[in-house]
Each structure stands twice: as structure tokens, then as C-alpha cells.
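A.B. asks: I'll drop the sequence and a predicted model, then ask my questions.
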Amino acid sequence: MLPFSHQISLSSPEETEAFANRLAPHLTYGDTILLEGPIGSGKSLFSRSLILSILPHPEDIPSPTFTLVQVYDGPKFQIWHCDLYRLTHPDEAWELGLEEAFDSSLCLIEWPDRLAGQEPKDALHITFVPENGEVRLLKFQSHSARWNLLTEVLNA
């Protein structure tokens with residue numbers, strides 16, 4: 001059994017945004033969140049909402065689909081939002097500078113399967129499962145007990 005495993009159901013994009021806003025204050029540099037799920041399942045909406053709640057001055061948060069990485073300077077640490085969908089080999093992720101970012105920044109990684117298991121072992125995996133209409137089931141898993149403190153956030 002994993003040290004941290006939980007799931008919640010969100011019934012709308014607004015609930016996804018609200019959840020990201022609740023989660024943001026609990027994140028810091030060195031945290032990695034791996035976002036899995038099919039195209040259109042809410043990964044980018046979640047990331048955009050989380051980034052906006054950390055930045056002191058709201059700005060445009062484009063999807064990194066074509067740039068692969070968008071880096072934002074938060075008040076205490078950088079935020080790396082990565083979309084690895086177009087990568088064909090795990091080495092390409094390291095060429096982007098991800099290895100250093102894992103230690104010094106908050107990393108939000110869409111399509112983490114492209115890392116071929118080379119992600120930080122204490123990363124938080126969030127799987128977005130589309131259900132009926134706009135409802136999304138979010139499944140959380142991590143090999144690190146660090147994420148147990150989020151149980152209250154997840155149930156709020």
C-alpha cells in the first residue's frame with residue numbers, strides 16, 4: 001500500500017479551480033505533481049488555477065503544449081509547468097532542465113509517462129478520470145507520507 005492514496009470527485013471546472021486554490025498554499029519548492037489523464041480531462045485547467053493562486057500578480061498562463069515548458073517566478077520559488085506529450089524519449093526531458101527544477105522549483109508535469117519512471121520518488125500523482133459530463137474523479141497517490149497532510153485539503 002502506498003503511504004498516500006486518496007480520491008475526490010469534482011463536479012465542474014469551477015470545483016477544479018477551487019480545489020487548486022485550496023492546494024496551492026501547501027506546496028513549495030521541491031514538490032512535483034504528476035498530472036495524468038486523457039486530453040481534455042482538466043489537467044491544464046488545474047495547473048493554470050494552481051499557478052494563478054500562487055503568483056502575486058495574475059498573468060496569462062498559456063498551455064505549454066508547444067513550448068513544452070512555461071516557467072513562472074512565484075514569490076518564494078519558480079513554478080515549472082511542463083507538457084511532455086510531444087517528447088519521444090525521456091532524455092529530452094533532462095535537456096529541458098527538469099532534473100534541476102525537481103530540486104529547486106514546484107513542478108507540474110502533464111504526460112509524466114514520458115519520463116519513463118525517472119520522476120522524483122516522492123512526487124504526487126494525480127490522475128484525472130472523466131466521468132459523466134463535467135464530473136472528474138481525481139485519484140491521488142504517492143510513495144511519500146509527506147502528502148498525508150493534504151487529507152484535510154482534499155476533504156474540504
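C.D. replies: Now that the structure is in, tell me what you want to look at.

A.B. asks: In this protein, where is pLDDT below threshold?
C.D. replies: Scanning the chain with the threshold set as pLDDT under 70 gives 1-2, 66, 156.

A.B. asks: please redo it, this time with the cut-off set to 80
C.D. replies: Within the chain, the segments meeting pLDDT under 80 span 1-2, 57-67, 149, 151-156.

A.B. asks: Chain neighbours aside, what residue packs nearest to S53?
C.D. replies: A24 (4.1 Å; C-beta to C-beta, 6 or more residues apart in numbering). From N, CA and C alone the C-beta is placed, and that goes for glycine too.

A.B. asks: The one you found should be in a strand, yeah?
C.D. replies: No - per DSSP: H, G, I helix; E, B strand; the rest coil, A24 lies outside any strand segment and is helix.

A.B. asks: ok, it - contacts?
C.D. replies: A24 makes contact with L50, S53, I54, according to C-beta atoms under 8 Å, 6 or more residues apart in numbering.

A.B. asks: got it, and S47?
C.D. replies: Applying C-beta under 8 Å, 6+ apart, the residues contacting S47 are A20, L35, I61, H81, L108, E110.

A.B. asks: picking that back up, which of the contacts of A24 sits closest to A93?
C.D. replies: The closest of the contacts of A24 to A93 turns out to be L50 (C-beta to C-beta; 20.5 Å).

A.B. asks: so that closest one, which of the three states?
C.D. replies: Relying on three-state DSSP, one would call L50 helix.

A.B. asks: Check the gap between the residue nearest to S53 and L150 for me.
C.D. replies: 12 Å (C-beta to C-beta, to the nearest Å).
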